[in-house]
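Peer 1: the following block contains a protein sequence and its predicted model.
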Amino acid sequence: MEGGIDRGARLPVPVTAFGPLHLLALRVHRLADTGHGHEALIAADAYLAIANAVGDERTVLFLVQGQMYANLYMGRLVEAADLGERLLRLHQAAGSVLGEAKILCDLAQVEVLRGRYFLAMRHLARAAVLLDRPYTDVDRRLSALCSFAEAATAAEMYETAATTYEQLSSTQASFGLVHAATLLHWGLRLGHVGRHDEGAARLRRSAEITRRHVEQRPDDMVAGAMLALALAKLGDVVPAEKLAREAVMPLRQAENYRYARMAHLALGISLRTQGALAEARTEFVAARELCAFSPRPDERPVIRFEMALTALAIDGGQAARDLFEAVEGQTRELWRLRMQRLAMLRQAHQREESEAARARAEREVLRDPLTGLDNRRRFDLLMDRIDRGLIPAPLVLLIVDVDHFKAINDAYSHATGDRALREVARILRAHCRADDIPVRYAGDEFTVFLQGDLAVGREVAERIRAAVARSDILPGVRITVSVGLAALGEGMSGETLFREADDRLYAAKWSGRNTIAS
């Protein structure tokens, strides 16, 4: 093979639900997840050239997703949003509802970090409606739910995130720690706004989950840091200090700064409770310094509050009291804004549910009950859009007519004829792309509004004709169709387009049926 990649060549790879080059995409995701964003972007550019060359569309999607995550983790939010919008269009065009739901959640997280909360809540509400359906692809639904919970966490909507993580934990134990982390931050924030009993309940639940992990894996420094922080806030400072001291340096050396911050916080709270105020302040300063490495939105307020408490304990003078009151007021204001986001999400969800119900009702009005295709009313609406110039070329109209259908009804009964029509409709759907619209026009006559030129129309029409001729719709009876097609010309009305396609259909009938004419 010289000068390029042979598109007809077959690669020796296993058949999976992912693209054949998915291991390349996994490497990009691992690089992005471990803080190597620049390397991830360089690798993604190289791998995209390969995936596009061999036509591996699934891997292309995963690679673009990896680019989006790399930009997100690097704080390049505009670039991440642009890639997310591109992915959203690709998933919508492919008809991938779970893919659309997941990318909506990822976009919501990006918009939260950009401070565009109204748009973020709209994305999350739309995703929630899409996810509230039965799916057979359990793994992809879990992935989408995980993105939903992550976006809710970024928006500090702990109620929403905790409910989702609890649902995920019931199916996969690996989600237990992220559920515990959500409860932990929720408990800390509740305590900071004076709701100490509610906060303590969340902290105890978080400690229960993380303690099980620590007992099973004593070397798990992540679980150790989380347990240390929960215990420190609950007042059990001796084991909290021990766990935090064991975890802090390994976590820093592993560049796991999020949980290193937790260990420093736990150590600072434990030391403050025991009266070692200067040492406690040193730990809080260390936690604050680690905020340079991509903190969660709610981590800085937590650290700031604990530092203000410590400053008040070190010096109870007026300046320290004023500082604490300012931080406390800011904490309550942030909590109020958080509650507003919850209300925004509820309202957006109600709007999305109403819109989904309206869309379902409209689909039912436009659906043919026998075949499940769109019906004559949908056909008329499309013809009106053509007349108003709202459907641009290239467009081809196919008219598909079942040959000798009356004879089938007369010989085998109308129930058998209905079965034949349903099978023809199934074949039409199978050979239509996402943007094509098959319609049951009347009786045994169907139309397809096909995006493409006349050459594409002839190819699709021939595939439909051949598929019907090959099918065993009625044992021992050969059913065929004739197809007429015409292309939408400049300034052409819907009526003219239909008349030209209908003329071609009659030509196909007169030439012997089981053929196409254009």
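Peer 2: Arrived safely, thanks for sending. Since the model is a prediction, treat every value here as computed from it, not as a measurement. Residues are numbered from 1 along each chain as shown.

Peer 1: how about low-confidence regions in the protein?
Peer 2: 1-19, 294-295 (pLDDT under 70).

Peer 1: cutoff 50 now
Peer 2: When the per-residue scores of the chain are filtered using pLDDT under 50, the ranges that remain are 1-17.

Peer 1: show me where it has strands.
Peer 2: With DSSP state E as the criterion, the chain has strands at 395-402, 437-442, 445-451, 481-487, 516-517.

Peer 1: for the stretch 1-150 of the chain, what spans make up the helices?
Peer 2: With DSSP state H, counting those that start in this stretch as the criterion, the stretch 1-150 of the chain has helices at 22-33, 37-54, 57-73, 77-94, 97-113, 117-131, 138-154.

Peer 1: output the ones you listed in CSV; the columns should cover mean neighbour count and distance to Q451.
Peer 2: From N, CA and C alone the C-beta is placed, and that goes for glycine too. What follows is these, written out as CSV (neighbours: other CB atoms under 10 Å; distance: least, CB to CB, whole Å):
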stretch, mean neighbour count, distance to Q451
helix 22-33, 19, 29
helix 37-54, 17, 22
helix 57-73, 22, 18
helix 77-94, 18, 11
helix 97-113, 25, 20
helix 117-131, 22, 24
helix 138-154, 21, 27
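
Peer 1: would JSON lines of these with distance to L337 be doable?
Peer 2: What follows is the helices of the stretch 1-150 of the chain, written out as JSON lines (distance: least, CB to CB, whole Å):
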{"stretch": "helix 22-33", "distance to L337": "29"}
{"stretch": "helix 37-54", "distance to L337": "29"}
{"stretch": "helix 57-73", "distance to L337": "22"}
{"stretch": "helix 77-94", "distance to L337": "19"}
{"stretch": "helix 97-113", "distance to L337": "12"}
{"stretch": "helix 117-131", "distance to L337": "9"}
{"stretch": "helix 138-154", "distance to L337": "14"}
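
Peer 1: of the ones you listed, which is nearest L184?
Peer 2: Comparing the helices of the stretch 1-150 of the chain by their distance to L184 (CB to CB), the top pick is helix 138-154, with 11.3 Å.

Peer 1: distance from the chain centre to that closest one, please.
Peer 2: Per CA atoms, centre = their mean, to the nearest Å, the displacement of helix 138-154 from the mean C-alpha position of its chain is 8 Å.

Peer 1: next: stretch 414-431.
Peer 2: For stretch 414-431 - counting by CA atoms, centre = their mean - the centre lies 34 Å from the chain centre.

Peer 1: can you give me the helices for the stretch 301-450 of the chain?
Peer 2: Listed from the start of the chain, the stretch 301-450 of the chain has helices (DSSP H, counting those that start in this stretch) covering 318-365, 376-387, 405-412, 414-430.

Peer 1: ok, and what's touching the third one?
Peer 2: Helix 405-412 is contacted from outside by 402, 416-417, 420, 443-444, 474, 477, 479, using CB atoms under 8 Å, 6 or more residues apart in numbering.

Peer 1: can I get that helix in PDB, CA atoms only?
Peer 2: Once non-C-alpha atoms are left out, helix 405-412 reads as follows in PDB (Å, rounded to 0.1, in the frame of the first residue of the first chain):
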ATOM      1  CA  PHE A 405     -51.400  -4.900  -3.700                       C
ATOM      2  CA  LYS A 406     -55.200  -5.300  -4.300                       C
ATOM      3  CA  ALA A 407     -54.700  -8.800  -5.600                       C
ATOM      4  CA  ILE A 408     -52.800  -9.600  -2.400                       C
ATOM      5  CA  ASN A 409     -55.600  -8.300  -0.200                       C
ATOM      6  CA  ASP A 410     -58.200 -10.200  -2.300                       C
ATOM      7  CA  ALA A 411     -56.300 -13.500  -2.200                       C
ATOM      8  CA  TYR A 412     -54.900 -13.500   1.300                       C
END
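
Peer 1: can you list the buried residues in that helix?
Peer 2: 405, 408-409 (16 or more other CB atoms under 10 Å).

Peer 1: and the angle from it to strand 395-402?
Peer 2: Between the axis of helix 405-412 and that of strand 395-402 there is an angle of 30 degrees, by axes from the mean of the first three to the mean of the last three CA atoms, to 10 degrees.

Peer 1: this completes my enquiry, with thanks.
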